[in-house]
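Visitor: heads up, no residue letters with this:
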């Protein structure tokens, strides 16, 4: 099966859940994006490595990298190899100087390790067909701004126009995020009451 190389394009707040983030992986030789929803701690682990920050004490992923380095184990690549019930699965492809070893991993951990080892990230064509997407030009511009480091604080509902809120409501309902939909609906009703 054909592997597709991906690059970390952006790390952003998830549209569907206020407590989660999304790491956007972009097809290296294409236009499709693969959004992976992750938690706050996982986002921090990726962001620290992307920004080349050095914490006072090593984070878990730094400890794991240091251990692998100490034992001469190379992380050759990360492969997002499966998608079941909306959950991505990944593998670390390692080499110890004699043999290749494949280690199952959470996708967020795999990405955090790939950023630290500066190794390629791949997925399979069937996963891109199922979960990949083309972003509209406005979303592309937003990602380009985030990638350049000029990130803006996410808008609160009060900063959206009623039309923008209606569009956002349609999107979250499409994703069956009823909790977020209720908050958006309440904001629209509050505005219409005034």
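Guide: Arrived safely. Predicted model only: the values in this text are computed from it and were never measured. Numbers count the residues shown, from 1 in each chain.
Visitor: give me the distance from stretch 117-135 to the chain's centre.
Guide: Here the centre of stretch 117-135 is set off from its chain's centre by 11 Å, with CA atoms, centre = their mean, to the nearest Å.
Visitor: same check on stretch 23-39?
Guide: How far stretch 23-39 lies from its chain's middle: 7 Å, per CA atoms, centre = their mean.
Visitor: now swap in stretch 27-45 and tell me
Guide: 2 Å.
Visitor: what's the answer for stretch 48-66, then?
Guide: For stretch 48-66, the separation from the chain centroid amounts to 18 Å (computed by CA atoms, centre = their mean).
Visitor: ok, what's across the strand from residue 89?
Guide: Counting by DSSP bridges, residue 89 is bridged to residue 82, residue 106.
Visitor: now the one 5 residues further on
Guide: Listed beta-bridge partners, residue 94: residue 75, residue 101 (assigned using DSSP bridges).
Visitor: need the next SSE after the lowest-mean-pLDDT helix or strand in the chain, C-terminal direction.
Guide: For the chain, counting by mean pLDDT, DSSP states H and E, helix 137-147 ranks last in confidence among helices and strands (a mean of 58). Helices and strands here follow DSSP states H and E; after helix 137-147, the next one along the chain is helix 162-174.
Visitor: so what does that next one touch, helix or strand wise?
Guide: Counting contacts by 3 or more CB pairs under 8 Å, 6 or more residues apart in numbering; DSSP states H and E, the secondary-structure elements packed against helix 162-174 are helix 178-193. Just so you know, the C-beta spots here come from the backbone N, C-alpha and C atoms, and that holds for glycine as well.
Visitor: return the set of buried residues in the helix it packs on.
Guide: Of the residues in helix 178-193, those with enough neighbours to count as buried (16 or more other CB atoms under 10 Å) are 180, 181, 184, 185, 187, 188.
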